[in-house]
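K.L.:
need a 3D model of the following:
(chains A and B)
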Amino acid sequence: MKFTFHRKRIAGLLTVVPAREKCFLEEMHNFNFPESRSLKLKEVMGFDKRRVVEPGVCVSDLAVFGLHHLFDKGLLKPDEIDALILVTQSPDYFMPPTSNVIQGRLNLKQDMICLDISQGCAGFVIGLMQAFMLLEQESVKKVVLINADVLSRKTSPKDRNIRPLIGDAAAITLVERDTEDSIIHARLKMDGRRANTLIVPAGGMRMPATPETAMLEDVGDNNLRAKDHFYMDGTEVFNFVQVEVPPLIDELLADAGRSAADMDYFLCHQPNRFMLQKLADKMKVPHDRMPNNLVERFGNTSGATIPMVITCNLAERLEREKLYVCLAGFGVGLTWSAMLLQLNKVHFNHIIEYK
Amino acid sequence: MNKPEFYQRLAEILDAEEVKPENVLKDFEGWDSLAVLSVLAMADAKYGVSIKAEEIRAINTAEELANLIASKQK
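P.N.:
Numbering: from 1, shown residues only, chains lettered A, B, ... in the order given. From the prediction side, this is the model:
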């Protein structure tokens, strides 16, 4: 699907990461694999450090902490928030929406809209699209988009396919109308036939959580996992990204009458270093224009990866120059999304620690 | 496809000294999820073919893998 938006911009980016750090070299001994293979995995995938919440910490805790920081620093006033969009795969509750929980904990005004969106790694672009649509309304002047997940709590300690790559974070993006007549192009595709590729099988209404669904099972590839845990078919995901993402971006560039060479950066979701290098190779984009350095520092933080990769790599440059970038997310659903926009005048752009 | 070159590339992926056509992939200590991903990436980058996860799971020997990739090259 093809979308265009006018006069919208990202006004600020703040990421909240837990202070608790895990190190792959210490964790690798928990897995049922020879050390030499785990070391090779580290080298190729870029596994090193990741941030995970303490037991019991939820998405709303990270989000409330981050918004308090913005209020305290005078970067945003509570009354200015006309819409709060939360994109997550790990909400505090089935009901009520976690965005309402955040609104309540912050004593925000009633005259606003709170909206949870069930999306993950492609969810930054989807959240931005929703924010842009809300900003078409006269009464909506500032939208707070939060991409947050605490999926480390859903990973098996004995599953090397998923455990060492998942990090927790909340990225808070302030979205506003732009005075310049900027055009933003976006493309989005979904394929629910491949919904089982990334799934937590138990804990919903289809398979309620029971003592049985919490039992670790030998899944046949030297990994142990319970039905309550996050499952990912890694090879299928790899194929999906290599096959689907480059044509989506090509179509998007054609919509805008641009070529890959016109883009300052390709800021993609960060599954691991390997997949991003292969994606860059396939798209014939130099590696330095598609940053892949998030997983080694923070882990794969679901929908928060794209704002984090902007902050980690471009915060200084964005203080003094405009950058024309392509964003691309891909993951649970399956969903793949991409957007071309200009980054300019980003008022705040930093990372803080949740303690 | 240059078969000896393919087996050489496979040996590098598996951290093995040598891979012979009749070798069973699962018998290599290095045949793990990373090796599978590396094979998919090699098939794509070096031979221009895309292999599916289920196709690779059905493969037994190194020669079968070589034949699968070669058969897709047309």
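K.L.:
how about the helices in chain A?
P.N.:
Secondary structure of chain A by DSSP state H: the helices cover A:24-27, A:35-45, A:59-72, A:98-105, A:123-134, A:234-255, A:273-283, A:295-298, A:305-320.
K.L.:
make CSV out of the ones you listed and add distance to chain B and mean pLDDT.
P.N.:
For every residue, glycine as well, the C-beta is placed using N, CA and C. Converted to CSV, those look like this (distance: least, Cβ to the nearest Cβ, whole Å; pLDDT from 0 to 100):
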stretch, distance to chain B, mean pLDDT
helix A:24-27, 13, 88
helix A:35-45, 5, 85
helix A:59-72, 29, 98
helix A:98-105, 32, 98
helix A:123-134, 24, 98
helix A:234-255, 4, 94
helix A:273-283, 5, 93
helix A:295-298, 14, 95
helix A:305-320, 19, 94
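K.L.:
what's the most buried one of those?
P.N.:
helix A:123-134 (a mean of 24; mean count of other Cβ atoms under 10 Å in any protein chain shown).
K.L.:
contacts for it next, please.
P.N.:
The contact list for helix A:123-134 (Cβ atoms under 8 Å, 6 or more residues apart in numbering or on different chains) reads A:3, A:5, A:8, A:10, A:82-83, A:85, A:87-88, A:113, A:115, A:117, A:119, A:140, A:143, A:145-147, A:171, A:173, A:175, A:184, A:186, A:188, A:269, A:302-307, A:327-329, A:335, A:337-339.
K.L.:
in PyMOL, select just the buried ones from these.
P.N.:
The buried residues among those can be selected in PyMOL (16 or more other Cβ atoms under 10 Å in any protein chain shown) with this line:
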select buried, chain A and resi 3+5+8+10+82+83+85+87+88+113+115+117+119+140+143+145+146+147+171+173+175+184+186+188+269+302+303+304+305+306+307+327+328+329+335+337+338+339
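K.L.:
related to what we said a few turns ago, would you turn the helices of chain A into a markdown table with distance to residue A:345?
P.N.:
Shown next, in a markdown table, are these (distance: least, Cβ to Cβ, whole Å):
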| stretch | distance to residue A:345 |
| --- | --- |
| helix A:24-27 | 38 |
| helix A:35-45 | 35 |
| helix A:59-72 | 17 |
| helix A:98-105 | 26 |
| helix A:123-134 | 16 |
| helix A:234-255 | 24 |
| helix A:273-283 | 28 |
| helix A:295-298 | 26 |
| helix A:305-320 | 8 |
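K.L.:
any idea which of those helices gets closest to residue A:228?
P.N.:
helix A:59-72 (17.7 Å; Cβ to Cβ).
K.L.:
that closest one vs helix A:98-105, what angle?
P.N.:
50 degrees (axes from the mean of the first three to the mean of the last three Cα atoms, to 10 degrees).
K.L.:
got the CA coordinates for helix A:59-72 in CSV?
P.N.:
Output in CSV follows, covering the C-alpha atoms of helix A:59-72 (Å, rounded to 0.1, in the frame of the first residue of the first chain):
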residue,chain,number,x,y,z
VAL,A,59,6.1,-0.9,29.3
SER,A,60,4.2,1.8,31.1
ASP,A,61,7.0,2.1,33.7
LEU,A,62,9.6,2.9,31.0
ALA,A,63,7.2,5.2,29.2
VAL,A,64,6.1,7.1,32.3
PHE,A,65,9.8,7.5,33.3
GLY,A,66,10.7,8.9,29.9
LEU,A,67,7.7,11.4,29.8
HIS,A,68,8.5,12.6,33.3
HIS,A,69,12.1,13.3,32.1
LEU,A,70,10.7,15.4,29.2
PHE,A,71,8.4,17.3,31.5
ASP,A,72,11.2,17.9,34.1
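K.L.:
just list what it packs against, helices and strands only.
P.N.:
The helices and strands touching helix A:59-72, judged by 3 or more Cβ pairs under 8 Å, 6 or more residues apart in numbering or on different chains; DSSP states H and E, are strand A:8-18, helix A:98-105, strand A:142-149, strand A:169-177, strand A:348-354.
K.L.:
try 10 Å
P.N.:
strand A:8-18, strand A:83-87, helix A:98-105, strand A:142-149, strand A:169-177, strand A:348-354 (3 or more Cβ pairs under 10 Å, 6 or more residues apart in numbering or on different chains; DSSP states H and E).
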